[in-house]
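Trainee: what follows is a predicted structure for the sequence shown.
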Amino acid sequence: MAPPSPAAAVDPRSGFCKSNSIFYSKRKPIPLSPNDSLDVTTFISSHAHRGRIAFIDAATGRHLTYSQLWRAVDSVASSLSDMGIRKGHVILLLSPNSIFFPVVCLAVMSIGAIITTTNPLNTTREITKQVADSKPVLAFTTRELLPKLAGFASNNISLMDGADQAAKTRSSKKVLTLAAMMNRPPTGGRYRETVNQNDTATLLYSSGTTGASKGVVSSHRNLIATVVTILGRFAAQVQEEEQTFLCTVPMFHIYGLATFATGFLTSGSTIVILSKFDMHDMLAAIGKYKVTYLPLVPPILVALVNGADQIKAKYDLSSLHLVLCGGAPLGKEMVEGFVEKFPAVSILQGYGLTESTGLGASTDTLEESRRYGTAGMLSSSMEAKIVDPDSGQALTVNKTGELWLKGPTIMKGYFCNNDATASTLDTEGWLRTGDLCYIDDDGFIFVVDRLKELIKYKAFQVPPAELEALLLTHPQIADAAVIPFPDEKVGQFPMAYVVRKAGSNLSETAVMDFIAKQVAPYKRIRKVAFIASVPKNPSGKILRKDLIQLATSSSKL
């Protein structure tokens, strides 16, 4: 969005406008399609015409050409339409990374249905909760993950790894396979209903700025804007030659879905997919498939720097020339360490949320990444405010407050949760990110702290409130608090402070095992301390900062 008027004083250096206290992006504005009757799948397919191979399975070498991809999308969309799937219906996708993951997403969105993804590591309890909230009419999954959909009707499940028209499950019930859907001739079903840019495309679950997981409603316009922004970041390089990206992050996550299942396709690039992350598999795939771009998260970057000498001796990384790191800002030691060990590879960074469709800020050159500790500059067409959390006053350059974002990628709201939407999006469309930040004289954003009580384990968000609620169901626990404990390898992990009930001799291991049985691995509690009482303010709110200070300063922990 452009500044209010040419007369408005916008500092070209910082992007700050004194007349309205808004920071404007210094990037070139993204061109948005004026055609309102446009779905994201059609938008991508109309641009992705230069490439030959779209997806490669890193382990098997199986691939989909672009012509095969779009035929598969058309066939699956037609099958879904023939099954009675209509605009607005929710489709669940429970699967590890696969060359067929994008086929399902693109087909579902092309007919105006809504894709909701979930983490394959989630427990049956966690998945059942999402199913109850989003109410999907159909689920795509694999044989291995099928038991996690125990409460789902088998005739509403499609297996992604079956070859027969109707594959039998362990219970002898028959379910349709994705392969059968892909083999059907397309009938044009995807065009039967008009899909508008404002229609909902995805329903991804996020903890947002508070504890409970909520469905983030993103529109086709949100995704199209994200795709255009991603393409703009790499336009110069992509135009020179075909690029090959390696998918190292989960596609169910906004990072993976926005980039690998949609964004990079628009440039006609080739995407090599790891079904799950493994350092050896990743490094071997770079050499085997001549990968040029490597998107990853900070813990992987740390491992690359720490093991650089052995890695370069064993693996061929000569094709690699760009690393894209998202999840947390990188400090001087890590940026310079990477540049020193891999001088031929540039490093870029990014900042975003599920609520901003994965985008918010980025560094687009190595020079920008050397503004150490920054999350980058505002993405194209994005606006920001730095707001004092107490007074609500918008602040100026170099002042710390909550980062608010506004732009074409900001979500529509939370699914069936007006209260959560109202507390996160204001009436003018400003997204309260929950991050305490400041923007410096050159327009770079620096994340200082989090207002939102989330633990960032690798690229995953872990809500303390969820773990605390589970801890309080233990018969020997009187009270509990969960905090983020800093860790070099994973960023943060959950640590619990537990108050035992009188007479209990509950052990640390017992506490950790109790939680491990009920949550996904990334949510597990990895450190426990016992205390007499949990510190709280007069209103009963847990004083997490006091516990964090205690945990990080105590030599006993």
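Mentor: Arrived safely, thanks for sending. Predicted model only: the values in this text are computed from it and were never measured.

Trainee: quick check, pLDDT for V104.
Mentor: As predicted, V104 sits at a pLDDT of 98.

Trainee: likewise for E333?
Mentor: Listed pLDDT for E333 reads 81.

Trainee: ok, it - how many residues close by?
Mentor: Applying other CB atoms under 10 Å, we find 10 residues neighbouring E333. Just so you know, the C-beta spots here come from the backbone N, C-alpha and C atoms, and that holds for glycine as well.

Trainee: mind giving me the packing neighbours of the helix or strand hosting it?
Mentor: Per DSSP states H and E: E333 is located in helix 332-341. Counting contacts by 3 or more CB pairs under 8 Å, 6 or more residues apart in numbering; DSSP states H and E, the secondary-structure elements packed against helix 332-341 are helix 298-306, helix 308-314, strand 346-351.

Trainee: so which helix or strand of the protein has the lowest pLDDT on average?
Mentor: Sorting the helices and strands of the chain by mean pLDDT, DSSP states H and E puts strand 166-168 at the bottom, at a mean of 50.

Trainee: now mean neighbour count, distance to M109 and mean pLDDT too, for the helices and strands packed on helix 332-341, in JSON lines please.
Mentor: Output for these, formatted as JSON lines (neighbours: other CB atoms under 10 Å; distance: least, CB to CB, whole Å; pLDDT from 0 to 100):
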{"stretch": "helix 298-306", "mean neighbour count": "19", "distance to M109": "29", "mean pLDDT": "85"}
{"stretch": "helix 308-314", "mean neighbour count": "13", "distance to M109": "38", "mean pLDDT": "95"}
{"stretch": "strand 346-351", "mean neighbour count": "23", "distance to M109": "23", "mean pLDDT": "91"}
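
Trainee: who's in contact with the residue nearest the centre of the chain?
Mentor: When the chain is reduced to its mean C-alpha position, the closest residue under CA atoms, centre = their mean turns out to be I254, at 2.8 Å. Neighbour list for I254: 204, 206, 352-354, 357-358 [criterion: CB atoms under 8 Å, 6 or more residues apart in numbering].

Trainee: got a pLDDT number for it?
Mentor: We have a pLDDT of 91 for I254.

Trainee: would you mark the buried spots in the helix holding E333?
Mentor: Neighbour-count burial for helix 332-341, with 16 or more other CB atoms under 10 Å as criterion, is recorded at 334-335, 337-339, 341.

Trainee: do stretch 445-457 as well
Mentor: Counting neighbours by 16+ other CB under 10 Å, one finds that the buried residues in stretch 445-457 are 445-447, 450, 452-457.

Trainee: can you list the weak-confidence ranges in the stretch 101-250 of the chain?
Mentor: Within the stretch 101-250 of the chain, the set of residues satisfying pLDDT under 70 comprises 162-175, 187-192, 207-211, 235-241.

Trainee: all helices for it, in order.
Mentor: Counting by DSSP state H, counting those that start in this stretch, the stretch 101-250 of the chain forms helices over residues 101-110, 124-134, 178-183, 220-233, 235-240, given from the N-terminal end onward.

Trainee: equivalent analysis for the stretch 301-450 of the chain, please.
Mentor: Using DSSP H, counting those that start in this stretch, the helices assigned to the stretch 301-450 of the chain run over residues 308-314, 332-341, 366-369, 418-424.

Trainee: so can I have TSV of these showing distance to C325?
Mentor: Conversion of the helices of the stretch 301-450 of the chain to TSV gives the following (distance: least, CB to CB, whole Å):
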stretch	distance to C325
helix 308-314	15
helix 332-341	9
helix 366-369	9
helix 418-424	26
